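> give me coordinates for this.
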Amino acid sequence: MDSTSYSSQTSSPRLQALDNMKLSENEEIESGYASASSSSSLAGSTSNLPQISLTKPHLRYLNQQMEKMTPIERLRFSMHLFPNLYQTTAFGLTGLVTIDMLSKLAASDPTLPSVEAIFLDTLYHFPETYDLVSRVQAQYPAIKLHIYKPDGAETAAEFEEKYGEGLYDSAAELYDWIAKVEPQQRAYAELKVAAVFTGRRRSQGGERDKIPILEVDEERGIIKINPLLDWSFAQVQAYIKDNDVPYNDLLDRGYKSVGDWHSTSPVAAGEDERAGRWKGQQKTECGIHNKKSRYAQFLLQQQLKEGGEKGAATKAEQEQQQLASALEKVEREQSEAEEREKQQELRQDFATGRWVTVSA
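Residues are numbered from 1 along each chain as shown. Model prediction:
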């Protein structure tokens with residue numbers, strides 16, 4: 001990867017699935033897409049932003065067609081189809097396969113839009129994971145990596161000084177919000193992400209066993225693309241070995257899905273490959289792939305309310321209040337940025353697939 005960007009607010013392009021869309025006589029639909037810049041766009045649309053709207057029948061049709069494709073065909077098709085396309089990865093096996101395939105596609109067809117990668121560094125990854133990131137960057141120098149960390153923290157020590165020690169145990173949902181969900185939302189906003197490749201597969205079990213290839217994440221306003229969703233762990237592992245793709249050393253020690261060190265353990269024979277994540281807890285996702293990520297904010301508000309009723313003005317509660325203010329500031333800045341962008345005229349650069357501001 002030739003360069004790396006880091007972040008410790010702007011609005012993200014929106015993509016929405018529409019059930020029943022009525023168009024005026026002057027509106028046009030090409031290839032099943034409806035322009036969001038029309039004066040008769042539905043409520044909730046943001047005019048003049050690079051929004052792509054998919055009707056549910058069209059979304060079903062695309063999924064039906066993409067089910068017939070191979071993973072690398074899905075990647076190529078998506079690179080042509082979606083603007084502002086990125087890959088989100090924690091450098092698990094599926095993400096590594098995707099990186100390798102994207103690298104091969106770029107080498108075979110330089111005209112394809114580039115796909116940059118986003119890595120959420122919670123500051124609690126295994127040392128082996130950080131070592132893997134360095135090895136991947138060395139092997140794939142052409143892929144730009146954007147690294148996002150929890151707000152206001154560059155190290156685990158700084159995180160614990162700001163938010164307290166053992167937050168992942170004492171308030172797991174709040175930890176997920178601070179370490180994962182908020183940095184992801186910040187990444188999507190700053191990079192203007194419209195669609196992302198993920199590493200989710202049906203064989204991983206849990207809530208992933210019925211996921212489609214294309215999903216509309218209405219909460220975050222993006223399209224999620226799961227190009228390897230129908231591959232098994234064995235297929236992914238075989239590709240890694242056959243193509244000399246770097247992988248996490250922990251996989252040779254019984255781990256199959258690797259996240260934070262405090263919530264990841266080896267997997268026993270016969271268990272789902274994600275059985276080692278949050279073992280013993282009623283939990284299968286960290287918040288970035290479910291629809292209740294804002295629960296962390298609700299939990300924080302409840303904690304503050306209870307603290308106020310008790311009249312306790314402890315240091316921990318003061319820090320929580322500061323966090324609540326910070327979250328409000330992020331949302332306010334995103335809203336203000338969205339209003340500013342309404343005044344800008346955007347066009348799609350067909351050479352790169354990116355959306356750019358038209359100079360006055």
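
> mind listing what's buried along the host helix or strand of Val236?
If you go by DSSP states H and E, Val236 is part of helix 233-242. Neighbour-count burial for helix 233-242, counted by 16 or more other CB atoms under 10 Å, picks out 233, 235-237, 239-240. Where C-beta positions appear, they are placed from N, C-alpha and C, glycine not excepted.

> which SSE is the residue nearest to Thr94 when sequence neighbours are not counted in?
The shortest distance from Thr94 to any non-neighbouring residue, by CB to CB, 6 or more residues apart in numbering, is to Gly199 (3.6 Å). Gly199 belongs to no helix or strand when assigned by DSSP H and E.

> what's Gly199 in contact with, if anything?
Residues in contact with Gly199 (CB atoms under 8 Å, 6 or more residues apart in numbering) are 88-90, 92-95, 98, 228.

> could you dump the residues you listed into JSON lines and include pLDDT, secondary structure and distance to Glu215?
Output for the contacts of Gly199, formatted as JSON lines (pLDDT from 0 to 100; DSSP: H, G, I helix; E, B strand; the rest coil; distance: CB to CB, whole Å):
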{"residue": "Thr88", "pLDDT": "96", "secondary structure": "strand", "distance to Glu215": "13"}
{"residue": "Thr89", "pLDDT": "95", "secondary structure": "coil", "distance to Glu215": "17"}
{"residue": "Ala90", "pLDDT": "93", "secondary structure": "coil", "distance to Glu215": "18"}
{"residue": "Gly92", "pLDDT": "93", "secondary structure": "coil", "distance to Glu215": "18"}
{"residue": "Leu93", "pLDDT": "94", "secondary structure": "helix", "distance to Glu215": "21"}
{"residue": "Thr94", "pLDDT": "95", "secondary structure": "helix", "distance to Glu215": "16"}
{"residue": "Gly95", "pLDDT": "96", "secondary structure": "helix", "distance to Glu215": "17"}
{"residue": "Thr98", "pLDDT": "98", "secondary structure": "helix", "distance to Glu215": "16"}
{"residue": "Leu228", "pLDDT": "96", "secondary structure": "coil", "distance to Glu215": "14"}
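
> which stretch of helix or strand covers the nearest residue to Arg76 once chain neighbours are set aside?
In space, and not counting its chain neighbours, Arg76 is closest to Leu105: 5.8 Å by CB to CB, 6+ apart. Taking DSSP H and E as the definition, Leu105 sits inside helix 93-108.

> send me that helix as CSV with only the CA atoms.
What follows is helix 93-108, C-alpha atoms only, in CSV (Å, rounded to 0.1, in the frame of the first residue of the first chain):
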residue,chain,number,x,y,z
LEU,A,93,-9.0,-14.1,5.8
THR,A,94,-11.9,-12.9,3.7
GLY,A,95,-10.7,-9.3,3.6
LEU,A,96,-7.2,-10.5,2.7
VAL,A,97,-8.6,-12.5,-0.3
THR,A,98,-10.5,-9.4,-1.3
ILE,A,99,-7.3,-7.3,-1.1
ASP,A,100,-5.5,-9.8,-3.3
MET,A,101,-8.3,-10.0,-5.9
LEU,A,102,-8.6,-6.2,-6.1
SER,A,103,-4.8,-6.0,-6.6
LYS,A,104,-5.0,-8.5,-9.4
LEU,A,105,-7.9,-6.6,-11.0
ALA,A,106,-6.0,-3.3,-10.8
ALA,A,107,-3.0,-4.9,-12.5
SER,A,108,-5.0,-6.5,-15.3
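
> returning to that earlier point: which of the contacts of Gly199 count as buried?
Buried members of the contacts of Gly199, counted by 16+ other CB under 10 Å: 88-90, 92-95, 98, 228.

> ok, these vs Ala187, which is closest?
Thr88 (8.1 Å; CB to CB).

> what's across from that closest one in the sheet?
Ile118 (DSSP bridges).

> ok, back up a step: confidence score at the residue nearest to Thr94?
Gly199 is assigned 91 on the pLDDT scale.

> look up how far Leu105 lies from it.
17 Å (CB to CB, to the nearest Å).

> ok, now Gly166?
Taking CB to CB, one finds Gly166 at 43 Å from Leu105.

> comparing the two, which shows the higher neighbour count?
Leu105 (16 against 11; other CB atoms under 10 Å).

> all set, thanks.
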